[in-house]
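> quick one, fold the following:
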Amino acid sequence: MTGGGGGGGGTRRTGLRYASEADVVADVSRLRRGYAQAGAWSLPQVCCHLDKSLQYRMRAGPHEPTTPEQAARRDQLQQILSSARLPDAQTAPDFMMPPPDCGDDAIDALLARLEQVKTFPGPFAPHRLFGHLDNDVARKINLIHCAHHLSYLTPATT
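The predicted structure follows:
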């Protein structure tokens, strides 16, 4: 999911992991007080992208079946789950890209969406690369996705 990487002057937080949506909320709240940017996206832009992604994954069905191409990526999915890292070379589809002029309302929207995700009963909509995932795996992928993008922002305070 490029866009969160490259450019910027800060240092990336390698190894960032979240155990729950509450951990993401706490980190975003800390970043909101000030951050250094190591990637191309600001905090509002990262939040906008993550909110769009979560909203897309929570859309109502019926959902399309897993395609053979998605099923063929199961080894890649297992690698992502075991390493808790997304490959840096992925590109988000255009409809998931944040506008350059995102404001703080994008941060508020992500925080609200994360509260919805906490209690979302599922099923999650199919992942665009991996197809249908059980709820536990879908939640893990969501958290890994959040960590990937938020790792390009380092809190100014702890």
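> now the one helix or strand residue 142 maps to: average pLDDT?
Assigned by DSSP states H and E, residue 142 belongs to helix 135-150. For helix 135-150, mean pLDDT is 97.
> what of stretch 42-53?
This predicted structure assigns stretch 42-53 an average pLDDT of 98.
> where along the protein do the helices fall?
Taking DSSP state H as the criterion, the chain carries its helices at 21-32, 43-57, 68-71, 74-83, 104-119, 135-150.
> the helix holding residue 142 - contacts with which helices or strands?
helix 21-32, helix 43-57, helix 74-83 (3 or more C-beta pairs under 8 Å, 6 or more residues apart in numbering; DSSP states H and E). (C-beta placed from N, C-alpha, C; glycine too.)
> show the backbone phi and psi for residue 17.
Main-chain torsions, residue 17, degrees, to the nearest 10: phi -140, psi 150.
> list the residues that contact it.
Contacts for residue 17 (C-beta atoms under 8 Å, 6 or more residues apart in numbering) come out as 84, 143, 144, 147.
> pLDDT below threshold where in this protein?
For the chain, the stretches flagged by pLDDT under 70 are 1-10, 158.
> residue most distant from the centroid, it?
Most distant residue from the mean C-alpha position of the chain: residue 68, 24.4 Å away (C-alpha atoms, centre = their mean).
> any idea how far that residue is from residue 80?
Separation of residue 68 from residue 80 (C-beta to C-beta, to the nearest Å): 19 Å.
> just residue 152 next, same as before
Going from residue 152 to residue 80 by C-beta to C-beta gives 18 Å.
> do residue 17 as well
12 Å.
> any common contacting residues for the two?
Here residue 17 and residue 80 share the contacting residues residue 144, scored by C-beta under 8 Å, 6+ apart.
> ok, now which ones touch the closest residue to residue 147 other than its chain neighbours?
Leaving aside its sequence neighbours, residue 147 sits nearest to residue 16 (C-beta to C-beta, 6 or more residues apart in numbering; 4.6 Å). By C-beta under 8 Å, 6+ apart, the residues touching residue 16 are 147, 150, 151.
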